[in-house]
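**Q** Provided below for reference: sequence and predicted model.
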Number of protein chains: 2
Amino acid sequence: MAKEVINREENYSQWYNNLVVKADLAENSAVRGCMVIKPYGYAIWEKIQAALDKMFKDTGHVNAYFPLFIPKSFFSKEASHVEGFAKECAVVTHYRLKNSADGTGVIVDPDAKLEEELIVRPTSETIIWNTYKNWIQSYRDLPILCNQWANVVRWEMRTRLFLRTTEFLWQEGHTAHASKQEAIDEAEKMINVYADFAKNYMGIPVIIGKKSESERFAGAVDTYCIEAMMQDGKALQAGTSHFLGQNFAKAFDVKYTSKDGNLEYVWATSWGVSTRLMGALIMAHSDNNGLVLPPKLAPVHVVIVPIYKGDDELKQMCERAEQIKKLLAAKNIVVKIDDRDNVRSGFKFAEHELKGIPVRLAIGPRDYANNTVELARRDTLEKCVVPVAGIDEYISKLLDEIQNNILAKALKFRQQNTIKIDSYDEFKEKIETGGFFLAHWDGTPETEAKIKEETKATIRCIPLDAEVEEGKCMVTGKPSKQRVIFARAY
Amino acid sequence: MAKEVINREENYSQWYNNLVVKADLAENSAVRGCMVIKPYGYAIWEKIQAALDKMFKDTGHVNAYFPLFIPKSFFSKEASHVEGFAKECAVVTHYRLKNSADGTGVIVDPDAKLEEELIVRPTSETIIWNTYKNWIQSYRDLPILCNQWANVVRWEMRTRLFLRTTEFLWQEGHTAHASKQEAIDEAEKMINVYADFAKNYMGIPVIIGKKSESERFAGAVDTYCIEAMMQDGKALQAGTSHFLGQNFAKAFDVKYTSKDGNLEYVWATSWGVSTRLMGALIMAHSDNNGLVLPPKLAPVHVVIVPIYKGDDELKQMCERAEQIKKLLAAKNIVVKIDDRDNVRSGFKFAEHELKGIPVRLAIGPRDYANNTVELARRDTLEKCVVPVAGIDEYISKLLDEIQNNILAKALKFRQQNTIKIDSYDEFKEKIETGGFFLAHWDGTPETEAKIKEETKATIRCIPLDAEVEEGKCMVTGKPSKQRVIFARAY
């Protein structure tokens, strides 16, 4: 089973693709760049959704749904949005098919051409602010704190399962506020929600920062982001939160009457994470045996494999397994009993490791007699023998320990691969092996562009918690007041 | 507040539209035929989703996600699917915009034309069966029991919020089976799940039946449906479940090796319900004061309105309200305290009635002193005074009673408006005032078409539980073995 996945050290990129496909997470579809998210992958996504959705609601947000299509003209309304946003979009031009004259199939009906083309949403700021215009009159209508779970389409030229697909699933929060400070606070609150989620659910430590001007979202005044380190030392942007100023309010003429009776433009934020998180989850923790899932996002926490000869033993082991399943279920631990009789237990073990199930229990006749089980941890691959008595308590604690260990391991890896660097020559050499580089930068887009061109590294973010430190730009020697993070990125 | 909604008796259709908009459920968007589902409407949809999703999982189904786009050629593969399915689809022909030469906006880039056009899914049988082809080799891979929650697009000419929109949200189950009987059982199981849900969550009694041949889903061997009666006596098809035979397996060449080693085509079902259920929910129960929501689908169960003069009294009433909220929260009852100080309580009452909140509590100084509250039921509009002591038990039981009463009322209404009819002349007269008509039909599409043309009534279904009863078709006098249900429908 696991042998179908190439070693990570041999070819990281192929290892990733193998894993996504072999662990039944997703596959490419018949439509270029669009993926099929398979049941096991989708079950993980559902856990991500449920946890985030609760965090959004706990911070006062509500869900809504806005149209899939956006009139083409809307994109021209916010100048920097149309200028900066990729124009690779799916364009709907017709609304009807008809039978072909030769009767062999269907063709697009030329008589059914739309007056104005519709764009399949690549993001929804424009259609949402066009809607908010009708929702907002007075300061009493504010804030609006909406989120939507939706699919979006960006016509990517080079796609990779989860990391960059033409269609992807995401959530996009769009909020409207009466004051600038309230909107800034909201944008910062949500990037912190994302960081908490990444750390406490995904087991991925992230750096919270602001994007440099050239990496900012088109239409944003400020883009906050969380950046995670993958096991090849590359960065992955795992979520963004934008302070949009009054740009979209001005583009769509959204004003409110303040307490003082003045007519003012509304302040905005937007923030999102996507199925890209699945890619981060896979690349941050997995090994050559397959996925390593943090228990909080694992669809199945414990798999039990009966070890037996003949039907009588199978029946005995399964009875014990059912007994344990019941104990664990009472602690909300999801257990699967793998009693397939057409594959060997070695095959099963490999498959469960591939799928990243946090804990495996094996029960053979000796375990049965001793009232024990053999327990294997997916994160460390350690095995031990555990008594059945008290196993619910034991595994409950173990799952917490695994959750913490996965985070600790990722944090240690990031620390080991994050260095302060002051020499551009050294940077150019070391960037080849990956990692995060804390370096001084003169703050100009020109220097940023030069570094990107020469090293393929970008400024991932200007960390929010960076200390003020006088220094000199590693390229130009010009003064700088804090270090920023450079890395190659997905 | 409620005065903004026209009376149901005056104009049923306008009453419905008023209600959807005024109760903040949904509104039309800038895109023709596409709606915005507002937070309050979406909160109800989320409750519908959560309950159905649990029922699907409890019956062994898993969720997955398939692409939004379907290559045009896929539609030609299943002959009756392409023939019978509406060809009003959104067609993507290009994948890029570019700045217009005059710099005033964006235009579709003529160089970015797709080789093969993509259709925004109107339903996903074709793309899913094209995927299943790779998932199925042996009988061990069966059954596949997948569902997806998704948006779909059908280019409707006449649209109405929730009932018929160009884009709508739905779930579509797509299952694959090794035997014909297993697939039929699945299709029947799922129509029963829908019927249970309609009855026990939505408070809507439904008739389970099969569609006549001319009303069948394009590509289905049999279409099962649930039909609900709205308060104007018209029928609304609330869900369908299709036994697809081997039609899609043959179209996409999906075969499996049976236990006996034979290569056989796979059997299929598909089943779905959509945001149309929101329309059914609104039209089945609401009155001239607004929505009437069954407690199981109400985002807020109880609203508490403090009645006060001055800040001291407001503070006192709110303290009592908080105390009650805490008591109710312990029983999973969602409570909202409406302490707005810029509107009168009469305005609040009307608004909460409009939004269908099942129970309203008002607390004034006298209630405070007596340790009581004034309670108003939304379904009956009855009021009574209730002691605070034991109010959690009281309301918990009351919510069950309201849930049951809403169903009982709908059931009674349907019974009163369902009649057996044997004369076509009488039918033509009575159909004008609505209702379900149990009539004999000779089983031919010709008679069915004649009735539809002359009366706008269609065969809603051939009820599954109908008794065998020898009779004569009300139109042609030809023999018939059971009555079918005729009605005008949404």
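**A** The structure has been received and is ready for your questions.
**Q** okay, helices next: where are they in chain A?
**A** When assigned using DSSP state H, the helices of chain A occupy the ranges A:12-22, A:39-58, A:79-84, A:125-135, A:180-200, A:247-251, A:276-285, A:310-329, A:345-354, A:365-370, A:391-416, A:424-430, A:445-455.
**Q** residues contacting the residue in the stretch 101-250 of chain A positioned nearest to chain B?
**A** Closest to chain B within the stretch 101-250 of chain A is residue A:105: 3.8 Å, counting by C-beta to the nearest C-beta. For every residue, glycine as well, the C-beta is placed using N, CA and C. By C-beta atoms under 8 Å, 6 or more residues apart in numbering or on different chains, the contact set of residue A:105 is A:99, B:72, B:73, B:75, B:76, B:82.
**Q** let me see the confidence value for it.
**A** Residue A:105 carries a pLDDT value of 84.
**Q** that one and residue A:112: what is the separation?
**A** For residue A:105, the distance to residue A:112 equals 17 Å [C-beta to C-beta, to the nearest Å].
**Q** how many residues are close by the residue lying closest to residue A:327 once chain neighbours are set aside?
**A** Distances taken as C-beta to C-beta, 6 or more residues apart in numbering or on different chains place residue A:392 nearest to residue A:327, at 4.4 Å, with adjacent residues excluded. Neighbour count for residue A:392, taken as other C-beta atoms under 10 Å in any protein chain shown: 17.
**Q** equivalent analysis for residue A:77, please.
**A** 18.
**Q** go on, residue A:395?
**A** Close neighbours of residue A:395, defined as other C-beta under 10 Å, add up to 26.
**Q** check contacts around it.
**A** A:301, A:302, A:328, A:331, A:333, A:359, A:375.
**Q** closest to residue B:277 among the contacts of residue A:105?
**A** residue B:75 (26.8 Å; C-beta to C-beta).
**Q** up against chain B, what does the stretch 101-250 of chain A have?
**A** A:104-106, A:108-109, A:117-120, A:127, A:130-131, A:134, A:140, A:146, A:150-151, A:153, A:155, A:167, A:169 (C-beta under 8 Å from any C-beta of the partner chain).
**Q** show me what contacts residue A:387?
**A** A:371, A:372.
**Q** from the contacts of residue A:395, which two are the most distant?
**A** Farthest pair in the contacts of residue A:395, by C-beta to C-beta: A:331 and A:375, 15.6 Å.
**Q** just the ones of the contacts of residue A:395 in strands?
**A** Secondary structure from DSSP state E places A:302, A:359, A:375 of these in strands.
**Q** quick one: which of these is nearest chain B?
**A** Ranked by distance to chain B (C-beta to the nearest C-beta), the ones in strands among the contacts of residue A:395 are led by residue A:302 at 18.7 Å.
**Q** quick one: contacts for the closest one?
**A** Residues near residue A:302 by C-beta under 8 Å, 6+ apart: A:328, A:333, A:334, A:335, A:336, A:357, A:358, A:359, A:360, A:361, A:395.
**Q** who's more crowded, residue A:331 and residue A:375?
**A** Between residue A:331 and residue A:375, counting by other C-beta under 10 Å, residue A:375 is the more crowded of the two (19 against 12).
**Q** partner residues bridging the nearest residue to that one once chain neighbours are set aside?
**A** What sits nearest to residue A:375 in space, not counting adjacent residues and going by C-beta to C-beta, 6+ apart, is residue A:386, at 4.8 Å. In this entry, residue A:386 is beta-bridged to residue A:373, by DSSP bridges.
**Q** hmm, residue A:455 is touching residue A:434, no?
**A** No. Taking C-beta atoms under 8 Å as the contact criterion, residue A:455 and residue A:434 are not neighbours in contact, 11.9 Å apart.
**Q** any common contacting residues for the two?
**A** Residues touching both residue A:455 and residue A:434 by C-beta under 8 Å, 6+ apart: residue A:488.
**Q** identify the residue nearest residue A:206 in space, chain neighbours excluded?
**A** Closest to residue A:206 by C-beta to C-beta, 6+ apart is residue A:226, at 3.9 Å.
**Q** for the residue nearest the centre of chain A, give me its contacts.
**A** Central residue of chain A (C-alpha atoms, centre = their mean): residue A:277, 1.5 Å from the mean position. By C-beta under 8 Å, 6+ apart, the residues touching residue A:277 are A:48, A:202, A:238, A:239.
**Q** same thing but at 10 Å, please
**A** Taking C-beta atoms under 10 Å, 6 or more residues apart in numbering or on different chains as the criterion, residue A:277 is in contact with A:44-45, A:48, A:52, A:162, A:170, A:194, A:197-198, A:201-202, A:204, A:228, A:236, A:238-239, A:297.
**Q** where's it relative to residue A:47, distance?
**A** Residue A:277 is 11 Å from residue A:47, by C-beta to C-beta.
**Q** hey, what's in contact with both of the two?
**A** A:201, A:297.
**Q** what number of residues lie near the spatially closest residue to residue A:213 that is not a sequence neighbour?
**A** The shortest distance from residue A:213 to any non-neighbouring residue, by C-beta to C-beta, 6+ apart, is to residue A:445 (6.2 Å). Neighbour count of residue A:445, defined by other C-beta under 10 Å: 12.
**Q** how about the one 5 residues further on?
**A** Other residues lying near residue A:450 total 14 when counted by other C-beta under 10 Å.
**Q** correct me, but it touches residue A:476?
**A** Yes. If you go by C-beta atoms under 10 Å, residue A:450 and residue A:476 touch, sitting 8.8 Å apart.
**Q** which neighbours do those two share?
**A** Common neighbours of residue A:450 and residue A:476 (C-beta under 10 Å, 6+ apart) are A:424, A:444.
**Q** how's chain A carved up into domains?
**A** A:2-89+A:124-285, A:302-398, A:418-487 (automatic domain parsing).
**Q** please identify the most buried of those domains.
**A** Neighbour counts (mean count of other C-beta atoms under 10 Å in any protein chain shown) averaged over each of those peak at domain A:2-89+A:124-285, with a mean of 20.
**Q** which residue, neighbours along the chain excluded, lies closest to residue A:405?
**A** residue A:379 (5.5 Å).
**Q** then residue A:414?
**A** Among residues not flanking residue A:414 along the chain, residue A:229 sits closest, at 4.5 Å (C-beta to C-beta, 6+ apart).
**Q** what distance do you get for the one you found to residue A:235?
**A** Counting by C-beta to C-beta, the gap from residue A:229 to residue A:235 is 6 Å.
**Q** which neighbours do these two have in common?
**A** Residues touching both residue A:229 and residue A:235 by C-beta under 10 Å, 6+ apart: A:206, A:207, A:434, A:435, A:436, A:460, A:485, A:487.
**Q** distance of the fourth one relative to residue A:473?
**A** Meaning residue A:435. 20 Å.
**Q** what of residue A:13?
**A** Using C-beta to C-beta, one obtains 32 Å as the distance from residue A:13 to residue A:473.
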